[in-house]
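In: I would like to see how this sequence folds:
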Amino acid sequence: MRFTKITAAVVGLLGAALIGTAAPAGAAGQEVFSPSVEVAQPWLEDTASVSVAEGDVSIQQTAAGAIRWMSDRRGSTAYEGYCERAVRLAWNRSTHHASAIAHWRSSDGTRRTTGTPPKGAFVFWNTSQYGHVGIADGNGGFWSTSVGGRIGHASSVGYFRNYLGWKPGNSN
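Out: Now for the predicted structure:
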């Protein structure tokens, strides 16, 4: 019974987050990608671990959990044009940004422009005035919206043009 109450609370919280968010007008533009980069088959090295305290519906998400969220929605077109919303929901973040490029430019995390992004990091591209963001898999690839027109996995951050860099992933 306790599991059912917690599950219902979490589903309600995530549903409210989905309903209460929106991307800026015109954010549903086409993403710029490189057709020469192979779209990898998804894999998961481990599973999400979430902590839910008795009487508390807040969830502390992990990198594995954020990747699991994206993987569980592989093939979905529900978040096309809403990449920032998708990564925020994947990480269960309380911090909201108007767009991916606003997230990149914000003081929310240290910007890194070199090195392989660690598992769960936010990875950014300058694809439009709104930018694009995904979640790093830790092996040079990422999970994101707009991979073949839907949520998917690509084997390289070179899949989209104009890679900016990465910021550590978190659920703040």
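
In: burial of the nearest residue to T113 once chain neighbours are set aside, as a residue count?
Out: Spatial nearest neighbour of T113, excluding adjacent residues (CB to CB, 6 or more residues apart in numbering): G165 at 3.9 Å. Where you see a C-beta, it was placed from the backbone N, CA and C, and this is true even at glycine. Using other CB atoms under 10 Å, G165 has 18 neighbouring residues.

In: Can you list the neighbours in contact with the host helix or strand of G165?
Out: Using DSSP states H and E, G165 maps to strand 163-167. Strand 163-167 has contacts (CB atoms under 8 Å, 6 or more residues apart in numbering) with 103-104, 108-114, 117, 121-126, 131, 136, 157.

In: what does stretch 101-114 give?
Out: Under CB under 8 Å, 6+ apart, the answer for stretch 101-114 is 84, 95, 97, 122, 124, 126, 129-131, 133, 164-168, 170, 172.

In: This structure: strands as residue ranges?
Out: All strands of the chain, identified by DSSP state E, fall at 122-125, 132-136, 142-144, 152-154, 163-167.

In: Which among the ones you listed is found nearest to T62?
Out: Closest of those to T62 is strand 132-136, at 11.7 Å (criterion: CB to CB).

In: tell me which strands and helices the closest one is in contact with?
Out: helix 63-72, helix 83-91, helix 100-105, strand 122-125, strand 142-144 (3 or more CB pairs under 8 Å, 6 or more residues apart in numbering; DSSP states H and E).

In: among these, which is nearest I151?
Out: So among the helices and strands packed on strand 132-136, helix 63-72 is nearest, using CB to CB, at 6.0 Å.

In: Now do the contacts for V157.
Out: 117, 123, 125, 136, 140-142, 163.
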